[in-house]
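Trainee: with the input below, show me the fold.
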Amino acid sequence: MYKPLTKQQLVPKTLKYKPCAILMGQTGAGKTTLSNKLCGTQHKSGAAKGSVTKELYRNDVSYGQYPFSLIDTPGTDSSTEPYKHAILLREGLTAKKINTIFLIIKYDT
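Mentor: Got it, this is the predicted structure:
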């Protein structure tokens, strides 16, 4: 049996803006695949094929009645275009107020 961490019922807060989250992680970790699944998009992706994402993708998605934006970024460890990827990552983190950063970690057996 478990005990609740709070003794009072939490009430969802109504926001006056649309929250924004960003996906970050190594090249080939599955950021674009996850973004495609959540947002219903079909951006080109390719696990373990080097960097495929060459631009930022910002899509709108909803979780139930809660809409938010999700930014998909290129990999953080690109060996082919590290300067371009660094500029895109900085743009993704600074262009809009970010509420959440999801770090996607590649699973290797």
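Trainee: other residues contacting the helix or strand hosting residue 22?
Mentor: Taking DSSP states H and E as the criterion, residue 22 maps to strand 20-25. Contacts of strand 20-25 with the rest of the structure, by C-beta atoms under 8 Å, 6 or more residues apart in numbering, involve 31, 34-35, 58, 68-73, 75-76, 89, 92-93, 96-106. From N, CA and C alone the C-beta is placed, and that goes for glycine too.
Trainee: that's a helix at residue 93, yeah?
Mentor: Yes - according to DSSP: H, G, I helix; E, B strand; the rest coil, residue 93 belongs to a helix.
Trainee: which residues does residue 17 contact?
Mentor: Taking C-beta under 8 Å, 6+ apart as the criterion, residue 17 is in contact with residue 97.
Trainee: got the buried residues for stretch 90-101?
Mentor: residue 92 (16 or more other C-beta atoms under 10 Å).
Trainee: and it, C-alpha only, in PDB?
Mentor: C-alpha atoms of stretch 90-101 as PDB (Å, rounded to 0.1, in the frame of the first residue of the first chain):
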ATOM      1  CA  ARG A  90      21.200  27.800 -29.000                       C
ATOM      2  CA  GLU A  91      18.400  29.100 -31.200                       C
ATOM      3  CA  GLY A  92      16.000  26.300 -29.900                       C
ATOM      4  CA  LEU A  93      16.900  27.200 -26.300                       C
ATOM      5  CA  THR A  94      16.600  31.000 -26.600                       C
ATOM      6  CA  ALA A  95      14.000  31.800 -29.300                       C
ATOM      7  CA  LYS A  96      11.100  31.100 -27.100                       C
ATOM      8  CA  LYS A  97      10.600  30.700 -23.300                       C
ATOM      9  CA  ILE A  98      11.200  27.000 -22.600                       C
ATOM     10  CA  ASN A  99       9.300  25.400 -19.700                       C
ATOM     11  CA  THR A 100      10.800  21.900 -19.900                       C
ATOM     12  CA  ILE A 101      13.900  20.300 -21.400                       C
END
